[in-house]
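[1] Provided below for reference: sequence and predicted model.
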Amino acid sequence: MSGYASLVNTPVGKRVATRLGLPRPARLRRYAVGEPLVDGPVLVGGHGAAPLLGEVRRVLTAAGSGVLDTLPAGEGLGAVVADLGAVEDPADLDSLRGLVGPALRSLRPSGRVVVLGRLPEAARAPAQAAARRALEGVTRSLGKELRQGATANLLLVADGAEDAIASPLRFLLSGRSAYVDGQVVTVTAAPGGPPPEPADWSLPLDGKVAVVTGAARGIGSAVARTLARDGATVVGVDIPASGDALARVANDVGGTALQLDVTAADAGKRIVAHAVSRHGGVDVVVHNAGITRDRLLANTDEERWRSVLDVNLMSILRMNEALLAEDGVRDGGHLVLLSSMAGIAGNRGQTSYAASKAGVIGLVRSLAADEDLRRRRVTTNAVAPGFIETEMTARMPFATREVGRLLNSLSQGGLPVDVAETIAWLAHDASAGVNGNVVRVCGQSLLGA
Ligand SMILES: NC(=O)c1ccc[n+]([C@@H]2O[C@H](COP(=O)([O-])OP(=O)(O)OC[C@H]3O[C@@H](n4cnc5c(N)ncnc54)[C@H](O)[C@@H]3O)[C@@H](O)[C@H]2O)c1
């Protein structure tokens, strides 16, 4: 927790913060191996036939969660799951209000609201499209109303993807999504049938080989640790100048280190060669290495502009030529790219950075739709962090930093592990129905959509 968050959670700090009307960030429930998926029973319901609830019940029961059909008197709820997949008309949305509204008082700290819906663009009639899209407005607003670390997210399920919801549903309910709030995740039918579920949900990456660029520190080192915890063998990549830190991370996770500048012309080939010779191949690539050279556009010279675009975007395009060749990432593999809130909302002084991170989104959308990659069941997604507590953000001026920390629905910055958990989720096979998504890990920052 930041200094501010720790202070306002002391007894005296709490009194002062309440009196001054300052936000009091809650301690977020974060995932720990062996803990229950949800902290308490889950109320389920929906509209009409609620066609997705059968699968929701199966997932919850398999996870050992209690499932309730009516609001219990005097008992706290871990989550509410509302299936609005059958809405035909905006009047049907009252089912959502009637189910979720009364349950909110019973929601425990770090509770979850997950709304399930269908794709608005696949609606049969204008009224149905309106009702489906309305779910986004409800969920995003609810994210802003919830307190004490609770979150609300919307899961849009494409026709035919009903058997692909287990992994996204589990993620959104769990402590792995602690800093994911007010988001819309889309799940589509995975080519080749239902995504396989892991034998052990605490080791979803068992037997997989994952490459993480920029792994020496910050978010990258958290990603390396989280993927290894989930069962992967990790290859950490970073520049030679960060060699010592990189070696420590690789040692800690029982993986290997590859000193390499990702902008080198042969970077992709060298990554594949290392992964194949040391570990037999590669299943997951996390393009995390990134830099900022912030200046107003009027003061940005060619060198600054070029270096940011080269590290954050062009190197990925070059590396992918080798990584996505037939002898690169294995069939059924997963690519996760780091975008940023700045790439969605824009940020003063960050035109070059925002160009690179918006470019990442364009790249992800294109790769996710690529016929050849779909045939090979390779998924591509982006994670867009908001304010995350790293060396990068620690260097910000005090006022800018506190504003960045507090201007979100959870009133605090996220931790590198929050980004890492989201990446780990997108990197395993049960998530094969999640493709072409940009998942913000931003506590529902007030910046951007
Ligand atoms: N920290 C945040 O709040 C935040 C927010 C949005 C997006 N991001 C993105 O997340 C990623 C990680 O950010 P971070 O905060 O951990 O940054 P960081 O500066 O702490 O770490 C970045 C790592 O990448 C490495 N790296 C830089 N250039 C490289 C190159 N040419 N070749 C190989 N390695 C290289 C660095 O040595 C470093 O270890 C970046 O892509 C960043 O843009 C971070």
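    Perfect, thanks for sending it.

[2] confidence score at the residue of the stretch 51-200 of the chain found nearest the ligand?
    Going by CB to the nearest ligand atom, the ligand is nearest to residue 179 of the stretch 51-200 of the chain, at 11.1 Å. Bear in mind the C-beta positions are built from the backbone N, C-alpha and C, glycine included. Per-residue pLDDT puts residue 179 at 98.

[3] What of residue 63?
    97.

[4] Quick one: residues contacting the nearest residue to it once chain neighbours are set aside.
    In this structure, residue 63 finds its nearest non-sequential neighbour in residue 37, 4.3 Å apart by CB to CB, 6 or more residues apart in numbering. Counting by CB atoms under 8 Å, 6 or more residues apart in numbering, residue 37 touches 60, 63-65, 170, 173-174.

[5] wait, residue 33 sits on residue 231?
    No - the criterion here is CB atoms under 8 Å, and residue 33 misses it with residue 231 at 11.0 Å.

[6] Comparing these two, which residue is more hemmed in?
    residue 231 (18 against 8; other CB atoms under 10 Å).

[7] Would you agree the more buried one is in contact with residue 206?
    Yes - here residue 231 lies in contact with residue 206, judged by CB under 8 Å, at a distance of 3.6 Å.

[8] Check which helices and strands the strand ranked longest in the chain sits against.
    Longest among the strand segments of the chain by residue count, using DSSP state E, is strand 107-117. Packing partners of strand 107-117 (3 or more CB pairs under 8 Å, 6 or more residues apart in numbering; DSSP states H and E): strand 77-83, helix 94-103, helix 126-145, strand 151-157, helix 166-173.

[9] Residue 257 is in what secondary structure piece?
    Per DSSP states H and E, residue 257 falls inside strand 256-259.

[10] Quick check: buried residues in whatever helix or strand comes next after that strand?
    Remark: after strand 256-259, the chain's next helix or strand is helix 267-279, criterion DSSP H and E. Across helix 267-279, burial judged by 16 or more other CB atoms under 10 Å covers 267-272, 274-275, 279.

[11] How about helix 267-279 and the ligand, touching?
    No - counting by CB under 6 Å from any ligand atom, the ligand is not contacted by helix 267-279; separation bottoms out at 7.8 Å.

[12] Can the following helix or strand past that helix be said to contact the ligand?
    The helix or strand immediately downstream of helix 267-279 is strand 284-287, counting by DSSP H and E. No - judged by CB under 6 Å from any ligand atom, strand 284-287 makes no contact with the ligand; its nearest approach is 7.9 Å.

[13] which neighbours does strand 284-287 have in its sheet, and in what orientation?
    strand 209-213 (parallel), strand 334-338 (parallel) (DSSP bridges).

[14] Show the average pLDDT along the helix or strand just after it.
    Where DSSP H and E defines the elements, the next helix or strand beyond strand 284-287 is helix 302-309. Averaged across helix 302-309, pLDDT comes to 98.

[15] returning to that earlier point: turn the contacts of residue 37 into a markdown table, columns for distance to residue 335 and neighbour count.
    Output for these, formatted as a markdown table (distance: CB to CB, whole Å; neighbours: other CB atoms under 10 Å):
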| residue | distance to residue 335 | neighbour count |
| --- | --- | --- |
| 60 | 30 | 23 |
| 63 | 27 | 17 |
| 64 | 32 | 9 |
| 65 | 31 | 22 |
| 170 | 21 | 24 |
| 173 | 25 | 27 |
| 174 | 23 | 23 |
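
[16] can you put those in TSV and add distance to residue 191?
    Listed next are the contacts of residue 37 as TSV, based on distance: CB to CB, whole Å:
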residue	distance to residue 191
60	27
63	26
64	31
65	30
170	22
173	26
174	26
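
[17] which stretches of the stretch 301-449 of the chain have low pLDDT?
    448-449 (pLDDT under 70).

[18] what does it have sitting close to the ligand?
    So the stretch 301-449 of the chain meets the ligand at 311, 338, 340, 385, 387-388, 390-393 (CB under 6 Å from any ligand atom).

[19] Of these - the most surrounded one?
    Among these, residue 340 has the most neighbours (other CB under 10 Å), with 28 neighbours.

[20] so that residue makes contact with residue 359?
    No - taking contacts as CB under 8 Å, residue 340 lies outside contact range of residue 359: 11.0 Å.

[21] so what pLDDT did the residue nearest to residue 63 get?
    Value for residue 37, per-residue pLDDT: 98.

[22] And residue 22, by the same measure?
    Residue 22 carries a pLDDT score of 58 in this model.

[23] can you tell me how far the residue nearest to residue 249 when sequence neighbours are not counted sits from residue 422?
    Spatially, and ignoring its direct neighbours in sequence, residue 249 is nearest to residue 221 (4.8 Å; CB to CB, 6+ apart). Relative to residue 422, residue 221 is positioned 16 Å away (CB to CB, to the nearest Å).

[24] contacting residues for residue 259?
    237-240, 243, 246.

[25] Can you tell me which of those residues has the most neighbours?
    Highest count within the contacts of residue 259 by other CB under 10 Å belongs to residue 237, 32 neighbours.
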